[in-house]
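# have a look at this prediction, sequence included:
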Amino acid sequence: MTNIKALMTVLALLASPTMLAAQVIPESLPKLLVHEAPKGLPPLPISGPDGGALFLNDLPERLTIVNYWATWCPPCREEMPALARLDQASGDDFDVITVSTDRGGRDVAQAFYDEIGISNPPLFTDAKGKSARALGIRGLPATLIMNAKGEELARYYGPAEWDHEDVVAYLRALAGKS
């Protein structure tokens, strides 16, 4: 009986969208660090698109891709158009947001958005670096994949082809939308 319970538990875990998606990491995300279990996070203070103070952990209503970046970071600048296209491709399946760590705040980041002609993904800021430090981010760009509970499922350091079809399919599967 114990062996049957153990087998049923393993099968249930393997059947969940999160576990299935974590097993087939897209080739386009070779450095994706998938956590064995969702990681609870401390309160992560950021400024919203309107400049108001809030906590990143309170934002997710569904799977959310959170990209930490800065305008002075060439790889960040390079991957931003792909994040904009990912945001367009996400539909209602998952959300994409960016968090600028530029010390000049929202104006500096918004000028870059204007320069490359994008208005999405939504632009948040962490000008004092509090949330980035609390997350232990050690380089930019850094992208988190968070569940609807505001827990970290995975992390990626460096630029990526976020709009690649296998990445979009992976994120949809992770969101349970495939």
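Yep, it's here.
# how about the contacts made by the closest residue to residue 80 other than its chain neighbours?
Sequence neighbours aside, residue 116 is the residue nearest to residue 80 in space, at 6.4 Å (criterion: Cβ to Cβ, 6 or more residues apart in numbering). Quick note: C-beta positions are derived from backbone N, CA and C, even for glycine. By Cβ atoms under 8 Å, 6 or more residues apart in numbering, residue 116 lies in contact with 77, 80, 81.
# count the residues that sit near the closest residue to residue 175 other than its chain neighbours.
Distances taken as Cβ to Cβ, 6+ apart place residue 63 nearest to residue 175, at 4.0 Å, with adjacent residues excluded. By the criterion of other Cβ atoms under 10 Å, residue 63 has 24 neighbours.
# is it true that residue 63 touches residue 149?
No. Applying Cβ atoms under 8 Å as the test, residue 63 and residue 149 come out as separate, 10.6 Å apart.
# what about the residue nearest to residue 175, distance to residue 146?
7 Å (Cβ to Cβ, to the nearest Å).
# between these two, which contacts overlap?
By Cβ under 8 Å, 6+ apart, the residues touching both residue 63 and residue 146 are residue 153.
# where exactly do the helices run in this protein?
Residue ranges of the helices in the chain, as given by DSSP state H, are 2-15, 17-23, 74-90, 106-116, 130-135, 165-174.
# what's the least confident stretch among those helices?
For those, mean pLDDT drops lowest on helix 2-15, to a mean of 42.
# give me the spatial nearest neighbour of the residue nearest the centre of the chain, chain neighbours excluded.
By Cα atoms, centre = their mean, the chain has its centre lying nearest to residue 65, at 2.3 Å. Of all residues not flanking residue 65 in the chain, residue 96 sits nearest, at 4.7 Å (Cβ to Cβ, 6+ apart).
# need the contact list for that neighbour.
Residues in contact with residue 96 (Cβ under 8 Å, 6+ apart) are 64, 65, 67, 83, 86, 87, 90, 120, 121, 162.
# the third one touches residue 140, doesn't it?
No. Using Cβ under 8 Å, residue 67 is not in contact with residue 140, being 9.3 Å away.
# alright, I will stop here.
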